[in-house]
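Participant: can you look at this prediction? I've put the sequence above it.
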Amino acid sequence: MRDDLPIDEEILKALRMVAPGTAIYDALEMILRARTGALIVVGDTQAVLDLVNGGFKIDVEMFPAALYELAKMDGAIIMSSDGRRILYANTHLTPDPMIPSQESGARHRTAERVAKQTGQLVISISQRRNVISLYKGNSKYTLRDISVILAKANQALSTLEKYKAVYQQALTNLTALEFEELVTLYDVTSCIQRAQMVNRIRKEIERYIAELGSEGRLVRMQLDELVSDIENEGLLIVRDYYQPTSGEPATAVWESFNEWSSEDLLDLSLIARRLGYGANMNNLDAPVTPRAFRVLTKVPRLPMPVIENLVQRFQNLSGIAQASLEELDSVEGIGEVRARAIKESLRRLREQALLDRHL
């Protein structure tokens with residue numbers, strides 16, 4: 001699987017189960033070094049048990065040395081779904097031979113078919129090539145050496161840091177334009193595009209962290225520090241500018257961008273169309289007005305229900321910024337103290353955004 005391809009949650013869950021720091025990982029390493037090969041099914045559903053022929057029912061607690069010794073036998077090993085017990089050893093698996101498989105070796109072909117037929121995690125270790133492959137449903141993932149993953153993770157962190165800097169500058173510019181009432185659709189779609197790029201790099205690093213297991217603690221700390229202050233910005237931009245033509249919520253629109261190809265994401269007119277503004281390229285120069293969800297989340301101790309009340313009452317950022325203390329005070333959830341805090345915070349945010357834009 002290439003690094004630029006998306007990876008589903010099932011494979012991520014499987015990666016965490018066999019990552020460094022787990023008992024299964026220790027066993028797989030022992031099998032790999034001994035070059036004995038293995039076929040292991042992690043799942044004891046009825047669909048799996050129906051494919052089991054022969055072998056030995058042992059039902060013992062899983063520990064690395066036991067799994068390693070049992071792998072010396074030719075047949076497959078069946079483990080419980082949580083990976084804590086070894087249920088069967090030296091079994092023969094008989095998946096449907098009509099299930100298509102792109103694998104050439106008998107062990108990997110069986111693993112792929114069992115995974116597709118049962119939906120359970122199947123681990124295949126090649127005796128000849130010394131490679132560990134994970135199969136889950138229709139997905140396949142080949143485990144790599146920890147040093148290779150660490151190098152890729154560090155490279156991705158460096159790339160994320162650069163993309164984040166560009167994205168933050170775009171957000172600062174957008175905030176300044178919002179207070180000046182000069183935002184165009186181009187500014188909005190550009191920020192959403194950059195938000196998605198940052199989000200995709202973050203997901204790639206999370207995949208590395210899942211595969212690194214206990215070796216990925218430092219990578220996780222660096223990732224959390226990098227994305228903590230921009231994690232929800234993309235969704236909030238969509239909430240600010242989305243023009244619903246149906247009952248589809250803004251959250252669904254934001255999540256739909258995750259499924260787009262990189263080529264589609266580079267086309268700002270497609271993003272504009274998804275936001276409900278039509279497909280005309282000239283639309284990108286059209287002025288748009290923010291509802292103010294994103295800016296109001298930067299006001300300290302202002303909960304989302306109160307933000308939603310403000311947006312519902314005043315419709316946009318300009319209306320909120322120009323509202324008097326009495327008008328703000330009349331909104332549900334806002335008293336005199338909070339009204340003053342909102343006015344003061346918006347003033348500081350405006351000054352800071354205008355200043356930072358020119359730095």
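Facilitator: Done, it's in.
Participant: state the helix or strand in which the residue nearest the centre of the chain lies.
Facilitator: With distances taken as Cα atoms, centre = their mean, residue 203 lies nearest the centre of the chain, 4.2 Å away. Counting by DSSP states H and E, the element that carries residue 203 is helix 185-212.
Participant: ok, back up a step: looking at the residue nearest to the centre of the chain now. What's its pLDDT?
Facilitator: Listed pLDDT for residue 203 reads 92.
Participant: all strands of the stretch 1-150 of the chain, in order?
Facilitator: Along the stretch 1-150 of the chain, counting by DSSP state E, counting those that start in this stretch, strands occupy 38-42, 52-53, 56-61, 76-79, 85-93, 121-125, 132-136, 139-142.
Participant: for the longest one, buried residues please.
Facilitator: When neighbours are counted by 16 or more other Cβ atoms under 10 Å, the buried residues of strand 85-93 are found to be 86, 87, 88, 89, 90, 91, 93. Bear in mind the C-beta positions are built from the backbone N, C-alpha and C, glycine included.
Participant: helices or strands next to it in the packing?
Facilitator: Under the contact criterion of 3 or more Cβ pairs under 8 Å, 6 or more residues apart in numbering; DSSP states H and E, strand 85-93 touches strand 52-53, strand 56-61, helix 64-70, strand 76-79.
Participant: any weak-confidence spans in the stretch 201-350 of the chain?
Facilitator: Along the stretch 201-350 of the chain, the model assigns pLDDT under 70 to residues 279-281.
Participant: just the helices in it please.
Facilitator: 217-227, 233-241, 250-257, 262-265, 268-274, 293-296, 304-314, 317-322, 325-329, 336-356 (DSSP state H, counting those that start in this stretch).
Participant: reformat the ones you listed as JSON lines; add mean neighbour count and distance to residue 209.
Facilitator: Output for the helices of the stretch 201-350 of the chain, formatted as JSON lines (neighbours: other Cβ atoms under 10 Å; distance: least, Cβ to Cβ, whole Å):
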{"stretch": "helix 217-227", "mean neighbour count": "15", "distance to residue 209": "5"}
{"stretch": "helix 233-241", "mean neighbour count": "23", "distance to residue 209": "21"}
{"stretch": "helix 250-257", "mean neighbour count": "16", "distance to residue 209": "21"}
{"stretch": "helix 262-265", "mean neighbour count": "12", "distance to residue 209": "22"}
{"stretch": "helix 268-274", "mean neighbour count": "20", "distance to residue 209": "29"}
{"stretch": "helix 293-296", "mean neighbour count": "24", "distance to residue 209": "28"}
{"stretch": "helix 304-314", "mean neighbour count": "17", "distance to residue 209": "29"}
{"stretch": "helix 317-322", "mean neighbour count": "18", "distance to residue 209": "37"}
{"stretch": "helix 325-329", "mean neighbour count": "15", "distance to residue 209": "43"}
{"stretch": "helix 336-356", "mean neighbour count": "16", "distance to residue 209": "31"}
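Participant: for residue 147, see how far away residue 35 is.
Facilitator: Taking Cβ to Cβ, to the nearest Å as the measure, residue 35 falls 20 Å from residue 147.
Participant: swap in residue 237?
Facilitator: 38 Å.
Participant: what residues sit buried inside the longest helix anywhere in the chain?
Facilitator: Longest helix of the chain, by residue count under DSSP state H: helix 146-180. Neighbour-count burial for helix 146-180, counted by 16+ other Cβ under 10 Å, picks out 146, 149-150, 152-153, 156-157, 160, 163-164, 167-168, 170-179.
Participant: and what of stretch 93-100?
Facilitator: 93, 95.
Participant: report the mean confidence score over it.
Facilitator: On average, stretch 93-100 scores 94.
Participant: with only the CA atoms kept, save it in CSV.
Facilitator: Output of stretch 93-100 as CSV, limited to C-alpha atoms (Å, rounded to 0.1, in the frame of the first residue of the first chain):
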residue,chain,number,x,y,z
LEU,A,93,-8.5,-23.5,6.4
THR,A,94,-10.9,-24.0,3.5
PRO,A,95,-12.1,-20.6,2.2
ASP,A,96,-14.3,-20.3,-0.9
PRO,A,97,-11.9,-20.9,-3.9
MET,A,98,-14.1,-18.6,-6.0
ILE,A,99,-13.2,-15.6,-4.0
PRO,A,100,-10.7,-13.6,-6.2
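Participant: list of residues touching that stretch?
Facilitator: 39, 41, 51, 52, 53, 76, 110, 112, 113, 114, 116, 117 (Cβ atoms under 8 Å, 6 or more residues apart in numbering).
Participant: number of residues surrounding the fourth one?
Facilitator: Yep, that's residue 52 we're talking about. Residues lying near residue 52 (other Cβ atoms under 10 Å) number 19.
Participant: for stretch 141-150, list the C-alpha coordinates in PDB.
Facilitator: Extracted as PDB, the C-alpha positions of stretch 141-150 are listed here (Å, rounded to 0.1, in the frame of the first residue of the first chain):
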ATOM      1  CA  TYR A 141      -1.100  -3.900   4.600                       C
ATOM      2  CA  THR A 142       2.500  -5.000   4.600                       C
ATOM      3  CA  LEU A 143       4.400  -4.200   7.800                       C
ATOM      4  CA  ARG A 144       7.700  -2.400   7.400                       C
ATOM      5  CA  ASP A 145      10.900  -2.200   9.500                       C
ATOM      6  CA  ILE A 146      10.600   0.200  12.500                       C
ATOM      7  CA  SER A 147      13.500   2.300  11.400                       C
ATOM      8  CA  VAL A 148      11.900   2.900   8.000                       C
ATOM      9  CA  ILE A 149       8.600   3.900   9.600                       C
ATOM     10  CA  LEU A 150      10.400   6.300  12.000                       C
END
